[in-house]
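[1] A predicted structure for the sequence below; I have some questions about it.
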Amino acid sequence: MSDLPDLLLASLEPLTRKQAEHSLSAYSQQQGFLSHLLRLVLDQSQNKSVRLSGSVYLKNVSKSRWEDDVQPIVEQDKAALRAELVPAMLALSNPADKSIRAQIAEAVSLIAELDFPTRWENLIDQLVASLSPTDYNINIDLLFTEINLVFSKFMTPFLQLFRQTASLLTQPGQSKDQYTLLAQSMVLLVDIYYDFTCQDLPPSIEDTHLEFFGANGGYFTVLMSWDPAELKGDSEDTTASLPSQIKTRILEVLELFIKLFPETLQTSNAVETFVQAVWSLIGSNRLPNVSDDMLVSQSLKFISTALRSGFYKSSIFSAPGIIPTLIEGIVVPNTTLREHDIEQFEDDPLEYVRLDLAVSAAGTDTATRRQSAMDVLQTLVSSGYEVEATEIVGGWINKGLTEYQSNKEVNWKAKDTAIYLLTAVATRGVTTQQGVTSTNALVDVVKFFSDHVFQDLQAAPGSVHPILQVDAIRFLYTFRNQLTKPQLLSVLPLLIKHLDSDNYVTYTYAAITIDRILFIRQNGQLLFAQADIRDFASELLGVLLSKIERAGSAEKVAENDHLMKCVMRVILTARQSLTPSHEQILNRLVAILGVISKNPSNPKFDQYIFESLSALMRFVTSGSPATIPTFENVLFSPFTIILEQDIDQYVPYVFQLLAQLLSLRPISEPSPAQYKALLPYILTPTTWVQQGSIPGLVKLLKAYLQRDAAQMLKEGQVVSALGVVQQRLIPSKNNDVYGFELMQAVLAFVDVSPIKQYIKTIMLIILTRMQNSKTDKFVHLLTRFVLFIMAANKEGLGPDYVIEMFESIQPGLWGQILKNFVLPLVPKMPFKERKMTAVGMTRLLFQSNLSVQEPSVQTWPAALQALIKLFSEPQYLSQSKTTEDEGFSGITEIDHEEQTAGYQAAYSRLAASESAESEIDPVAYVSDPQQFLGEQFVAFGRTGGRTGASSLQQLLSKGDPRVIQPFVGSLAAAGFTI
């Protein structure tokens with residue numbers, strides 16, 4: 001491993017990254033690699049970039065492979081690393097190694113989450129033994145490592161260290177460096193205090209409550225007023241000072257206690273004390289600097305939480321003059337636009353949008369001052385102060401509007417504040433997805449929009465300040481649910497006009513608002529359909545795509561994911577109406593993909609562009625199948641490049657889109673040559689290494705099997721696919737579901753006889769997993785697989801095939817599998833699998849020869865009772881589709897998945913590529929499972945049972961008559977009698 005430093009450096013360069021990662025991956029399989037890598041990270045003689053890259057790689061390997069099923073780290077290497085990591089953190093206590101130390105600390109946290117306390121029993125002993133009363137560089141990193149279940153060993157030294165640190169902090173005469181180290185430790189000590197109490201209140205914390213929260217001399221009370229001159233930051237600094245960070249975290253603890261432990265707080269009058277402290281701290285805009293934003297925001301959130309709790313209405317908020325003072329002294333000053341905000345609007349517009357969109361309520365760390373002040377007003381309105389708050393704020397709104405009218409060019413900020421205050425006081429209920437859901441009855445939002453906002457929305461560029469135009473668009477975005485559909489349709493052309501603005505924030509907010517308007521749902525249905533935007537959809541997409549294309553470099557093109565999300569939403573809404581212009585749209589999307597693929601940098605943008613391609617393909621081809629070759633001709637070339645260059649962020653998307661493309665072709669026709677040429681690559685084991693690719697690969701193979709099963713069997717490709725199931729999918733807890741899915745496809749489309757031996761081999765692997773690492777999920781997968789085979793109406797499949805397979809492995813095994821695993825789950829199967837379950841169990845009971853012979857006949861009565869229990873809720877066996885949107889509601893799940901999109905190997909599903917038609921339905925031949933049961937019951941009874949088997953009456957007599965008799969009676973009532 002002598003070239004390890006060179007490989008780590010090469011992994012940082014785009015041109016050499018891929019090859020270096022392959023080499024590093026090969027090294028990581030060798031025993032002792034992690035310990036060797038850790039020693040390299042600790043080697044001060046190495047280049048710092050090498051050491052930092054090594055620490056990141058060590059953390060990532062620990063995260064991805066510590067409990068991996070396919071390529072696990074051997075236990076000997078795990079034990080060695082557990083012994084070495086805490087000492088390594090101590091060795092990296094020099095401030096110069098802070099960034100490296102953070103990676104090692106995170107590795108400790110990741111491994112502790114998996115191994116503590118069972119396999120890392122001495123972790124707390126290592127940490128406690130390493131706490132230093134003098135070296136606070138060491139303490140900082142030890143305290144940063146969050147570990148649960150440590151109270152018995154860690155609480156006493158933690159409290160001692162807190163007391164000592166608080167005592168030293170408040171002693172005068174410390175140097176700036178001493179204050180800095182002590183304050184850094186105090187920040188983390190308060191973080192640990194929060195972590196200790198975020199689930200329950202430990203006895204040691206409860207017993208020392210007054211020591212921390214007491215009005216006279218409590219640590220938190222004292223620290224709220226602690227602000228040494230040595231640690232005061234520059235007014236231009238944007239980073240919070242250490243005293244500010246400490247205060248912010250103390251208020252986070254107070255907010256937590258109000259929510260979880262209000263009775264404890266009321267024993268100390270702590271909230272009353274801290275409300276006064278906050279009043280003194282931030283009242284009358286005493287902390288205007290950017291560096292104090294987090295403290296001010298958290299202070300406002302603390303007040304909102306105290307208001308929302310209802311515990312302090314009489315003791316604090318009902319006192320005369322409190323509400324006016326709160327609004328005028330704290331809320332209004334923090335809703336006024338600052339010079340920093342204006343500079344950010346002009347110089348960092350994307351960050352301005354990001355912060356402006358941040359949700360203010362319920363403890364989000366990203367809330368700005370304005371949003372936190374807005375939350376205070378909304379809480380006042382919803383906590384019984386609606387009339388008083390509305391009246392006071394109304395005066396400020398009128399004052400701002402009057403100021404604006406007196407000099408529109410100079411006083412535009414006054415109108416901005418007025419609009420923000422109106423938005424705050426009018427809002428009662430709000431969600432990220434739907435905007436404002438309920439409003440203050442005392443405020444006429446639509447009238448305010450007509451009188452004061454609409455004029456800015458339709459104003460010509462440059463005639464009003466761009467921030468006021470953004471305010472108008474944002475007002476529409478916020479209160480979109482309060483406007484009627486005709487009103488919304490009337491403003492859409494104005495929003496499209498703003499898309500063509502030169503101002504970044506203006507056109508970005510226009511895109512965001514169009515997206516959210518088109519996403520509005522009423523009574524579970526989308527408000528806007530393709531007919532509503534047919535006339536301007538192509539024009540709208542043209543404007544959006546032009547704005548994206550003009551950005552230039554790969555990074556700049558992908559920077560603004562809001563634009564691409566709007567593209568996606570327009571395509572999802574316009575659907576088949578885009579058919580005349582689909583080829584132009586497709587080519588432009590592919591060109592954009594070609595640009596961003598040079599340096600993928602924004603996972604959200606990636607998700608939206610592939611979703612756009614998928615949706616365009618889905619809707620256009622559904623109305624015009626003749627367009628399928630157009631999509632293939634345009635997409636195959638860029639997809640081939642992505643696969644050849646192994647652009648790992650995009651490969652999972654490509655496999656899903658290829659599966660979608662092939663699925664569009666008729667099942668009766670074999671796959672075209674360009675698809676067949678991909679099959680050898682798809683079946684190569686290395687193609688299945690990336691976790692995120694597996695779902696798309698399975699979908700693609702299912703599409704191949706539907707069309708080319710016989711040819712694939714002849715060429716050995718079916719056996720190769722089953723080899724993937726056996727080696728990569730079934731043994732993995734992450735991928736087993738895809739293994740069963742692929743096996744079901746093989747059995748559904750391939751002649752069963754030639755592959756029985758391979759299925760039996762895989763079943764042995766399944767049973768080994770059932771014995772060694774059984775999970776509820778795996779038991780369900782096995783049960784579903786068994787029911788699938790029994791329900792499938794195909795030669796070679798059916799209940800007797802299942803029984804024969806299990807009995808050939810071990811006599812009597814079928815009875816154990818049925819009794820212990822299948823039957824308990826039959827009544828609990830999820831809705832979409834209940835019909836298959838009913839048909840499979842009906843066939844087992846009334847069509848199988850082996851099930852009514854020894855030894856399987858012993859489980860027949862229990863199997864019937866399980867089926868009867870399933871049918872006790874017959875309404876769950878059928879479902880009706882009422883609208884065109886049914887079966888496609890999953891397309892909107894992208895809105896809920898945005899936060900998890902990323903470059904990790906995790907699967908990013910393309911919702912638009914999903915369709916009910918792509919699912920294998922083994923029971924399509926049964927329209928009514930209840931009727932099917934009745935018919936099979938009668939047929940079985942009239943034949944007197946199978947040859948050499950018990951008769952139906954004999955079998956029924958062995959069951960519980962309290963269950964069997966009502967069941968037979970209900971069948972008779974339905975006309976099914978023997």
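    Okay, I see it.
[2] which residues does the closest residue to Val491 other than its chain neighbours contact?
    Spatial nearest neighbour of Val491, excluding adjacent residues (C-beta to C-beta, 6 or more residues apart in numbering): Leu476 at 6.3 Å. Where you see a C-beta, it was placed from the backbone N, CA and C, and this is true even at glycine. Residues in contact with Leu476 (C-beta atoms under 8 Å, 6 or more residues apart in numbering) are 449, 453, 457, 483, 491, 495, 513, 517.
[3] at 10 Å instead, please
    Neighbour list for Leu476: 435, 449, 453-454, 457, 482-483, 487-488, 491-492, 494-495, 509-510, 513-514, 516-517 [criterion: C-beta atoms under 10 Å, 6 or more residues apart in numbering].
[4] Repeat that for Gly594.
    For Gly594, counting by C-beta under 10 Å, 6+ apart, the contacting residues are 554, 637-638, 641-642.
[5] And those residues, which is closest to Tyr352?
    Ala554 (22.9 Å; C-beta to C-beta).
[6] That closest one and Val595: what is the separation?
    Separation of Ala554 from Val595 (C-beta to C-beta, to the nearest Å): 5 Å.
[7] if we can go back for a sec, where's the residue nearest to Val491, which helix or strand?
    Assessed by DSSP states H and E, Leu476 sits inside helix 466-478.
[8] so what secondary structure elements neighbour whichever helix or strand comes after that helix?
    Moving toward the C-terminus from helix 466-478, the next helix or strand (DSSP H and E) is helix 485-499. Counting contacts by 3 or more C-beta pairs under 10 Å, 6 or more residues apart in numbering; DSSP states H and E, helix 485-499 is packed against helix 454-457, helix 466-478, helix 504-518, helix 530-533, helix 537-549, helix 561-574.
[9] per-residue confidence averaged over the last one?
    In other words, helix 561-574. For helix 561-574, the per-residue pLDDT values average out at 97.
[10] before we move on, what about stretch 745-762?
    96.
[11] First-to-last residue distance for that stretch?
    End-to-end span of stretch 745-762 (C-alpha to C-alpha, to the nearest Å): 15 Å.
[12] picking up where we left off before, can you list the buried residues in the helix holding Leu476?
    466-478 (16 or more other C-beta atoms under 10 Å).
[13] Contact partners for the residue lying closest to Leu818 once chain neighbours are set aside?
    Distance criterion C-beta to C-beta, 6+ apart; nearest residue to Leu818, sequence neighbours excluded, is Thr859 at 5.1 Å. Thr859 makes contact with 814-819, 822-823, 844, 851, 866, according to C-beta under 10 Å, 6+ apart.
[14] Name the member of those residues with the most neighbours.
    With neighbours taken as other C-beta atoms under 10 Å, the top of the contacts of Thr859 is Leu844, carrying 29 neighbours.
[15] Which helix or strand contains that one?
    Going by DSSP H and E, Leu844 is part of helix 831-846.
[16] List the buried residues for that helix?
    833-846.
[17] nearest to Gln711, of these?
    Nearest member of the buried residues of helix 831-846 to Gln711, counting by C-beta to C-beta, is Met836, at 28.4 Å.
[18] which residues touch the closest one?
    With C-beta under 10 Å, 6+ apart, Met836 has these contacts: 784, 787-788, 790-792, 829, 921-923, 926, 929.
[19] Can you find the helix or strand of this structure with the lowest average pLDDT?
    helix 894-897 (a mean of 38; mean pLDDT, DSSP states H and E).
[20] C-terminal to that one, what's the next element?
    helix 929-943.
[21] Now do the helix or strand that that following helix is followed by: everything it contacts.
    Sequence-wise, the next helix or strand downstream of helix 929-943 (DSSP H and E) is helix 952-957. Residues outside helix 952-957 that contact it (C-beta under 10 Å, 6+ apart): 845-846, 851-852, 857, 860-861, 864, 937-938, 940-945, 949-951, 964-965, 967-968, 978.
[22] If you count neighbours, what's buried in the helix or strand that helix 952-957 is followed by?
    Remark: after helix 952-957, the chain's next helix or strand is helix 961-973, criterion DSSP H and E. Using 16+ other C-beta under 10 Å as the test for burial, helix 961-973 gives 964, 967-968, 971.
[23] and if you look at stretch 399-414?
    400-401, 403-404, 411-414.
[24] re the thing from before, give me the buried entries from the contacts of helix 952-957.
    Buried residues within these, counting neighbours by 16+ other C-beta under 10 Å: 845-846, 851-852, 857, 860-861, 864, 937-938, 940-941, 945, 949-950, 964, 967-968.
[25] Quick check: can you list the domain ranges of the protein?
    Annotated domains of the chain cover 529-647, 929-974 [the TED database].
[26] Val786: neighbour count?
    Based on other C-beta under 10 Å, the number of other residues close to Val786 is 23.
[27] moving C-terminal of the helix or strand hosting it, what's the next helix or strand?
    Per DSSP H and E, Val786 falls inside helix 776-791. Moving toward the C-terminus from helix 776-791, the next helix or strand (DSSP H and E) is helix 799-809.
[28] okay, the angle between that next one and helix 831-846?
    80 degrees (axes from the mean of the first three to the mean of the last three C-alpha atoms, to 10 degrees).
[29] What residues sit buried inside helix 799-809?
    Those would be 799-803, 805-807, for helix 799-809 by 16+ other C-beta under 10 Å.
[30] Out of these, the closest to Leu713 would be?
    Tyr801 (17.8 Å).
[31] Skipping its backbone neighbours, what lies nearest the closest one in space?
    Ile789 (6.2 Å).
[32] ok, the one you found - contacts?
    Neighbours of Ile789 in contact, by C-beta under 10 Å, 6+ apart: 743-744, 747-748, 752, 759, 796-799, 801-802, 805, 840, 843, 922.
[33] rerun at 7 Å
    Going by C-beta atoms under 7 Å, 6 or more residues apart in numbering, Ile789 touches 747, 797, 801-802.
[34] how close does it sit to Ala866?
    Taking C-beta to C-beta, one finds Ile789 at 17 Å from Ala866.
[35] Tell me which helix or strand Ile762 sits in.
    Going by DSSP H and E, Ile762 is in helix 756-772.
[36] Packing partners of that helix?
    Where contact means 3 or more C-beta pairs under 7 Å, 6 or more residues apart in numbering; DSSP states H and E, helix 756-772 is packed against helix 717-724, helix 776-791, helix 799-809.
[37] Could you dump the ones you listed into JSON lines with distance to Ser315 added?
    Shown next, in JSON lines, are the helices and strands packed on helix 756-772 (distance: least, C-beta to C-beta, whole Å):
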{"stretch": "helix 717-724", "distance to Ser315": "67"}
{"stretch": "helix 776-791", "distance to Ser315": "49"}
{"stretch": "helix 799-809", "distance to Ser315": "70"}
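[38] Output these in CSV; the columns should cover mean pLDDT and distance to Thr573.
    Converted to CSV, these look like this (pLDDT from 0 to 100; distance: least, C-beta to C-beta, whole Å):
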stretch, mean pLDDT, distance to Thr573
helix 717-724, 96, 38
helix 776-791, 96, 36
helix 799-809, 96, 46
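[39] So for Lys63, what's the nearest residue that isn't a sequence neighbour?
    Leu110 (5.2 Å).
[40] per-residue pLDDT, that neighbour?
    In this model, Leu110 carries a pLDDT of 87.
[41] buried sites along the helix or strand containing it?
    Under the criterion of DSSP H and E, Leu110 resides in helix 98-115. Using 16+ other C-beta under 10 Å as the test for burial, helix 98-115 gives 100-108, 110-112, 115.
[42] neighbours around Val331, how many?
    27.
[43] List phi and psi for it.
    Main-chain dihedrals, Val331, degrees, to the nearest 10: phi -70, psi -60.
[44] So it versus Ala472, what's the distance?
    23 Å.
[45] Now Pro493. Nearest residue, chain neighbours left out?
    Phe536 (7.2 Å).
[46] what about that neighbour, neighbour count?
    16.
[47] circling back: so which of the buried residues of helix 466-478 is the closest to Thr621?
    Tyr477 (33.1 Å).
[48] Give me the nearest residue to that closest one, chain neighbours excluded.
    Tyr477's closest residue in space is Thr513 (C-beta to C-beta, 6+ apart), at 4.2 Å.
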